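A.B. asks: after the sequence you'll find the predicted model.
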Amino acid sequence: MDDNRSPFFPPEALAQIRKGKVFSGGIRHKEIVGPLLPAGAEWISITVPLERVFSRYEEIFAHFEETATDDSIIVFASGDPLFFGFANTIKRKLPEADILLYPAFNSLQTLAHRLVMPYDDMRTVSLTGRPWQELDKALIERAHKIGVLTDREHTPATIAARMLEYGYTDYTIYIGEHLGNPEHEVFLGRDFNQQAMSPETAAKVDAEMKSILDECYDTARNILSEHRDLLDNMVKVLFAKETIFQNEVDMLFEGKTPEEIIKLSNEKSMEKMKAAEASKAEEKTDDKTEVGADDKTAADEIKKLHEKLKEKIEKIENKEKDLESQEKEIVENADGDEGFQNHQKNRLLLHVGFAGFIN
């Protein structure tokens with residue numbers, strides 16, 4: 001079925017509805033077919049999780065078997081139930097179930113009919129609860145006509161943004177919403193059922209729009225042709241330096257040649273390079289000055305230490321001279337071996353003490 005609030009069903013389908021007792025479908029379907037249902041009919045809403053829905057189906061089938069009735073569950077679905085539809089889910093969940101179908105046009109067929117567009121060569125992709133892979137694959141393979149089923153996440157706006165992001169700009173997108181509902185059907189982004197003009201007036205509007213577009217195209221073409229020399233000069237500048245700035249475009253309009261602009265650009269680049277080198281040289285000079293100051297400070301400290309060490313050595317040498325003088329005096333005045341041995345002991349202790357100090 002479609003979204004028409006006054007749905008059409010073939011006589012066979014209407015006969016099934018009149019004698020049915022258990023019905024199922026989406027909330028929107030119940031709003032549309034509610035007036036057609038027999039009094040006291042049970043309705044099973046198809047909502048997630050589907051396990052709960054199919055559990056109720058199985059309970060009802062078990063009751064049918066117990067009572068030996070040939071009753072059925074009548075399920076309403078949009079479009080063609082076998083075209084990415086609920087009949088496929090039923091076949092997968094209940095493979096033993098007998099299914100009788102009364103299909104309608106699916107949404108892509110309906111959209112193709114609105115466009116009067118053949119769809120036998122259409123690449124079909126469903127993004128309803130599915131990832132992007134199949135659409136990406138169709139785009140990469142350059143499918144020239146792609147029919148896409150959308151959902152709340154993969155909206156037409158999201159799809160268009162993704163295509164633009166990846167550079168697929170050579171496609172025209174046609175959008176259909178609420179197809180089959182005269183009150184809400186939207187086609188090509190506008191409501192075709194709310195037109196306030198006759199076909200003749202619409203043709204005149206289209207002709208005027210074409211005239212405006214043709215005039216704009218001619219104006220743009222004339223501007224480009226008139227300034228062809230400037231375009232060629234811009235190309236020369238771009239070939240030479242790969243980038244052209246606003247001030248350089250202004251200079252071209254002022255009459256500067258590409259050679260002059262390229263020369264000025266090179267001179268500016270050289271000035272920037274020299275400035276950068278000068279800045280680096282200054283940084284190096286500053287580093288050397290700081291290092292020189294540090295070296296001088298260290299040298300002064302070493303000199304002071306050297307002078308102190310020299311003074312200590314002179315004191316030690318003077319001390320040794322005094323000791324030698326005393327030794328000579330003691331030897332001369334020694335009274336026997338005992339005095340000489342005491343002298344040697346004192347000298348040994350002095351030398352040991354000196355050795356300990358210098359280390």
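C.D. replies: That came in fine, so what should we check first?

A.B. asks: where does the prediction get shaky in the protein?
C.D. replies: Counting by pLDDT under 70, the chain contains low-confidence ranges at 184-199, 284-296, 298, 320, 323-324, 326-359.

A.B. asks: give the buried residues for stretch 118-132.
C.D. replies: The neighbour-count check on stretch 118-132 (16 or more other CB atoms under 10 Å) flags 122-127 as buried. Where you see a C-beta, it was placed from the backbone N, CA and C, and this is true even at glycine.

A.B. asks: the residue most central in space within the chain and residue 132, how far apart?
C.D. replies: The C-alpha lying nearest the average C-alpha coordinate of the chain belongs to residue 165 (CA atoms, centre = their mean; 9.8 Å). Using CB to CB, to the nearest Å, residue 165 is found at 12 Å from residue 132.

A.B. asks: before we move on, what about residue 176?
C.D. replies: 21 Å.

A.B. asks: equivalent analysis for residue 297, please.
C.D. replies: Taking CB to CB as the measure, residue 297 falls 69 Å from residue 132.

A.B. asks: repeat that for residue 34.
C.D. replies: 37 Å.

A.B. asks: can you check residue 2 too?
C.D. replies: In terms of CB to CB, residue 2 sits 28 Å off from residue 132.

A.B. asks: which residue ranges of the chain form helices?
C.D. replies: 11-19, 27-33, 50-67, 86-93, 107-115, 133-140, 156-165, 199-226, 228-241, 246-253, 258-333, 337-358 (DSSP state H).

A.B. asks: tell me the most buried of those helices?
C.D. replies: helix 107-115 (a mean of 18; mean count of other CB atoms under 10 Å).

A.B. asks: residues in contact with that one?
C.D. replies: 2, 78-80, 83, 105, 118-119, 122, 124, 147, 149, 174, 176, 179-180, 187, 192 (CB atoms under 8 Å, 6 or more residues apart in numbering).

A.B. asks: what separates that helix from the chain centre, distance-wise?
C.D. replies: 33 Å (CA atoms, centre = their mean, to the nearest Å).

A.B. asks: please apply the same query to stretch 12-32.
C.D. replies: For stretch 12-32 - counting by CA atoms, centre = their mean - the centre lies 46 Å from the chain centre.

A.B. asks: contacts for that stretch, please.
C.D. replies: Applying CB under 8 Å, 6+ apart, the contact partners of stretch 12-32 are 1, 3-5, 7, 9, 33, 36-38, 40-47, 53, 57, 60, 71-78, 100, 102.
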